[in-house]
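Asks: I would like the atomic coordinates for the input below:
(one chain, ligands or ions: 3)
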Amino acid sequence: MLHIGCHLSSSKGFAAMGRQALELGADTFQFFTRNPRGSKAKELDPADAAALVELLAEHRFAPIIAHAPYTLNLCGAEEKNRAFARDTMSDDLRRLEFVPGQYYNFHPGSHVGQGMEAGITQIAEGLNAILTPELHTTVLLETMAGKGSEVGGRFEELRAILDRVELSEKMGICLDTCHVSDGGYDIIHDLDGVLTEFDRRIGLNRLKAIHLNDSKNPPGSRKDRHACIGEGEIGLEALTQIVRHPALRDLPFCLETPNELPGYQREIALMRRQAEP
Ligand code: FE
Ligand code: FE
Ligand code: ZN
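Replies: Numbering: from 1, shown residues only. Ligands and ions are numbered 1, 2, ... in the order given. Model prediction:
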């Protein structure tokens with residue numbers, strides 16, 4: 001069975017997200033670990049986290065995805081920005097130990113004119129500073145659209161980061177369909193070719209989750225504007241091939257489409273139908 005869910009608000013706590021996911025027909029979901037633009041996290045309630053752990057097990061959820069605030073930048077130009085990103089990510093990982101065995105996804109960063117090589121080095125150094133052997137969370141680098149000075153728009157860049165992380169076994173990749181299409185990978189006409197390229201550059205065994213989004217822009221636009229399923233340039237047919245692909249179909253799929261909850265519920269049901277041959 002397809003594992004699919006959507007991005008949910010964490011404002012009512014952990015267990016409330018699990019219940020919300022069940023109501024939407026989801027068996028995975030994603031949430032921001034704190035305000036996506038801000039920095040302050042709410043006090044963690046261990047009983048609430050334990051209730052979510054129980055719900056996930058009882059309903060056989062696929063791994064869920066905690067998403068780091070997208071303003072963090074492990075390769076910011078100033079050390080104080082890099083330190084802030086490291087401290088925030090460390091704190092997120094500490095808190096996620098209360099919901100062990102899940103994924104922590106983050107945007108690799110923007111090198112802000114320092115150059116791709118410097119950016120990759122700083123991201124790997126940041127990860128080496130925060131990863132520990134005791135962690136029960138797998139940290140995912142998200143594939144990016146490559147807008148501005150974003151690192152991670154090319155598979156080679158993600159591979160270069162992984163190569164420099166000492167505890168590389170704690171790391172994986174989350175593939176965002178809008179981002180890779182905007183980044184110039186032709187998942188519409190040549191999904192097999194893109195996955196072969198991914199396997200050659202990174203290794204498909206590293207691929208742990210999919211952000212399932214349509215795109216408002218054509219392939220290669222480097223824009224990163226998500227569209228609802230079937231309403232964008234990728235289209236329902238290509239997205240159906242993605243959820244059905246033998247190399248992908250057992251992964252957790254997470255919608256980040258511009259929807260309220262009823263829209264997410266419809267898209268979850270739609271993709272569950274589409275996934276059946
Ligand atoms: Fe993201
Ligand atoms: Fe994404
Ligand atoms: Zn995006």
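
Asks: helix, strand or coil for G5?
Replies: strand (DSSP: H, G, I helix; E, B strand; the rest coil).

Asks: That one against E23, yeah?
Replies: No. Contact between G5 and E23 fails when scored by Cβ atoms under 8 Å: they sit 11.3 Å apart. (Glycine included, C-beta is placed from N, CA and C.)

Asks: Comparing these two, which residue is more hemmed in?
Replies: G5 (27 against 9; other Cβ atoms under 10 Å).

Asks: Excluding chain neighbours, give the residue nearest to the more buried one in space.
Replies: In space, and not counting its chain neighbours, G5 is closest to A26: 3.3 Å by Cβ to Cβ, 6 or more residues apart in numbering.

Asks: so what's the one you found scoring on pLDDT?
Replies: The score at A26 is 99. That number is its pLDDT.

Asks: Just to check, it is in contact with C6?
Replies: Yes. Assessed by Cβ under 8 Å, A26 is found in contact with C6 at 6.3 Å.

Asks: Determine the residues that are contacts of both of these two.
Replies: Y264, I268 (Cβ atoms under 8 Å, 6 or more residues apart in numbering).

Asks: Those two: who's more crowded?
Replies: More crowded of A26 and C6, by other Cβ under 10 Å: A26, with 28 against 25.

Asks: if we look at the longest helix anywhere in the chain, which residues are touching it?
Replies: Using DSSP state H to define each element, the chain has its longest helix at helix 79-96. Contact with helix 79-96 is made by 33-34, 39, 41, 44, 66, 68-69, 72-76, 102, 104, 106, 109, 122, 126, 129-130, 135-137, 139, as judged by Cβ under 8 Å, 6+ apart.

Asks: Pull out the buried residues from the residues you listed.
Replies: Among the contacts of helix 79-96, those classed as buried by 16 or more other Cβ atoms under 10 Å are 33-34, 41, 66, 68-69, 72-76, 102, 104, 106, 109, 122, 126, 130, 135, 137, 139.

Asks: And the residue in the stretch 51-200 of the chain that ligand 2 sits nearest to, how close does it get to E166?
Replies: Going by Cβ to the ion, ligand 2 is nearest to D176 of the stretch 51-200 of the chain, at 3.7 Å. Distance from D176 to E166, counting by Cβ to Cβ, to the nearest Å: 26 Å.

Asks: Comparing these two, which residue is more hemmed in?
Replies: The neighbour count for D176 versus E166, taken as other Cβ under 10 Å, is higher for D176 (26 against 11).

Asks: isn't that one right up against E142?
Replies: Yes. Assessed by Cβ under 8 Å, D176 is found in contact with E142 at 5.8 Å.

Asks: Can you name every helix or strand that the one helix or strand C254 maps to contacts?
Replies: Element membership for C254, per DSSP states H and E: strand 252-255. Under the contact criterion of 3 or more Cβ pairs under 8 Å, 6 or more residues apart in numbering; DSSP states H and E, strand 252-255 touches strand 3-7, strand 207-212, helix 261-275.

Asks: Could you say which one of the ones you listed comes nearest to ligand 2?
Replies: strand 207-212 (3.6 Å).

Asks: Let me know whether that closest one sits next to ligand 2.
Replies: Yes. For strand 207-212, a contact with ligand 2 is found by Cβ under 5 Å from the ion, at H211.

Asks: what's in contact with that strand?
Replies: Strand 207-212 is contacted by residues 4, 30, 63, 65, 103, 105, 138, 140, 142, 172-179, 198, 229, 239, 242-243, 247-248, 251-257, 271 when judged by Cβ under 8 Å, 6+ apart.

Asks: Check stretch 184-194 too.
Replies: Residues contacting stretch 184-194 (Cβ under 8 Å, 6+ apart): 146, 177, 180-181, 197, 219-220, 222, 233-235, 238, 241-242, 245.
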